[in-house]
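3D, please:
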Amino acid sequence: MRTAGRHVLAISGSLRTASSNTSLLLAAERLAPPGLRIQRFAGMGALPHFNPDLEADLPATVADLRATVDAANGLLISCPEYARGMPGSFKNLLDWLVGSPNFHAKPVAIFNASPRASEAQRSLRLVLTTMSALVIEDASITVDLLTRKLGPGAIVADAGMAAEIATALTNFSEFVAKP
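Here you go, the predicted model:
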């Protein structure tokens, strides 16, 4: 069941502590328009390997993931590219959501931290649309953080990046507020 208002769950596809994808999502939290609440999901590394045999008795970490995703009005995803695809840990997270009854038609904004991550982005879009998510193009952006090693504060301080992120979040906010 989705919550009232505009509550977005941010998921980084990277487990790295100094991930540019995570920094991008942290900057998005700071740049969110009034009334948009962004909550980060940090439990990806604790999820067990996907196994459909566990659907009848979900592990607690998977049940928590599904409940958190179900409660969100939309998802904000930033995912790196490893070996021309999504990281296995992130694909594992998505696999656990396939059986979630409330994932259908979930609005999703995709933030990309590298213009070279095109294969992972194509794969991510294919998986999300196969899962019946609604990818919101007006809220999906590429912010070139490649080799720049900028933290969230530096991203927010960059006028061009901040404006691009803020515009995408405003577009997403308007969409997830729709009944």
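
quick one: the strands in this protein, in order.
Secondary structure of the chain, counting by DSSP state E: strands at 6-12, 36-41, 74-78, 107-112, 134-135, 141-142.

deepest of these, which one?
For the strands of the chain, the largest average neighbour count (mean count of other CB atoms under 10 Å) is found in strand 74-78, namely a mean of 26. Quick note: C-beta positions are derived from backbone N, CA and C, even for glycine.

quick one: low-confidence ranges for the chain?
In the predicted model of the chain, residues 1-5, 178-179 satisfy pLDDT under 70.

what's opposite the residue positioned nearest the centre of it in the beta bridge?
By CA atoms, centre = their mean, the chain has its centre lying nearest to Ile77, at 1.7 Å. When bridges are taken as DSSP bridges, the partners of Ile77 come out as Ile11, Ile110.

what packs against the longest helix seen in the chain?
Using DSSP state H to define each element, the chain has its longest helix at helix 159-176. For helix 159-176, the contact count by 3 or more CB pairs under 8 Å, 6 or more residues apart in numbering; DSSP states H and E identifies strand 6-12, helix 20-31, strand 36-41, strand 74-78, strand 107-112, strand 141-142, helix 152-157 as packing neighbours.
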